[in-house]
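**Q** Compute the structure for the input listed below.
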Amino acid sequence: MVKTVCAKIGNCGSSGGTYADAQEDRARGQRLFGSADGNEAVGSAINDLMDGQVDLMGPLLKNAATEEMFEFPENSYGTVYTTLVALAAGSLRENNLRDRDVLRVGLWQTAETRNGEVLTYLKSENLPYEIVYYDTAAEQQQALVGGAVDVISSVSLSPVANTRIVAQFAPRPSRRAWPMPSTPPRAAATPVSRPSPW
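**A** Numbering: from 1, shown residues only. Take a look at the predicted model:
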């Protein structure tokens, strides 16, 4: 049985929730969905993949560091963007980012690649900005809700609840990944016997 982890970091390629999807899951394996939100789900999903708890993960950014840990298909299955999101109920939109004297931007401290993309975007657009770093994605989101920042960084495949995208940039291919051949295989799944509902 193939286990795929999507962990709220994107869509596994299905239209979701249909009878056909359920049949596909039975035929090809089992999809696992984590309960963590956005950025923190990625770390958990990567650990599951590295520990052999799952066989396939997607989407995952292909870069020098991840290529050392995982194998990737030759072709991508879509495009993912780095984004800046604002509160959906707020007045900030794509067309009025420049109306602020200073755009307060909340970044997740450990998201180095994304943070670099955000800074490049802000500089290229000549937007006056102030960066505030947060230790966790939850703190970053709380800062947005509490009004400490105007926008936070995210990715297009990981929407943040109650926000809207006000800028998207840095497109890159979206790929699934699987462990390198040297990763020890996980233990076989134990079949579960359930009484028929019929």
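**Q** rest of the way, CA atoms for contacts and neighbours
**A** Will do.
**Q** The longest strand seen in the chain: partners in the sheet, and parallel or antiparallel?
**A** Counting residues, the longest strand found in the chain (DSSP state E) is strand 163-173. Partners of strand 163-173 in the sheet, by DSSP bridges, are strand 79-87 (antiparallel).
**Q** Residues contacting the partner strand, please?
**A** With contacts defined as CA atoms under 8 Å, 6 or more residues apart in numbering, strand 79-87 is touched by 92-93, 114, 117-118, 144-145, 150-157, 160, 162-174.
**Q** in it, what counts as buried?
**A** Neighbour-count burial for strand 79-87 flags 80, 81, 82, 83, 84, 85, 86, 87 (criterion: 16 or more other CA atoms under 10 Å).
**Q** swap in stretch 149-158?
**A** Result for stretch 149-158 [16+ other CA under 10 Å]: buried residues 149, 150, 151, 152, 153, 154, 155, 156, 157, 158.
**Q** ditto for stretch 62-81
**A** 62, 69, 70, 71, 72, 80, 81.
**Q** can you map out the helices along this structure?
**A** Counting by DSSP state H, one finds helices in the chain at the ranges 19-28, 38-50, 64-69, 112-124, 137-146.
**Q** Least confident of those helices, on average?
**A** Among these, helix 19-28 has the lowest mean pLDDT, at a mean of 42.
**Q** average model confidence for the longest strand of the chain?
**A** For strand 163-173, mean pLDDT rounds to 93.
**Q** got the angle for it vs helix 137-146?
**A** 140 degrees (axes from the mean of the first three to the mean of the last three CA atoms, to 10 degrees).
**Q** okay, strand 163-173 in PDB with CA atoms only?
**A** Provided in PDB are the C-alpha atoms of strand 163-173 (Å, rounded to 0.1, in the frame of the first residue of the first chain):
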ATOM      1  CA  THR A 163      -7.000  36.000   4.300                       C
ATOM      2  CA  ARG A 164      -6.700  37.100   0.700                       C
ATOM      3  CA  ILE A 165      -3.700  37.200  -1.600                       C
ATOM      4  CA  VAL A 166      -2.600  40.700  -2.200                       C
ATOM      5  CA  ALA A 167       0.700  39.800  -4.100                       C
ATOM      6  CA  GLN A 168       2.000  36.700  -5.700                       C
ATOM      7  CA  PHE A 169       5.500  36.200  -7.200                       C
ATOM      8  CA  ALA A 170       8.500  33.800  -7.500                       C
ATOM      9  CA  PRO A 171       6.700  31.100  -9.500                       C
ATOM     10  CA  ARG A 172       8.300  27.600  -9.300                       C
ATOM     11  CA  PRO A 173       7.300  24.100 -10.300                       C
END
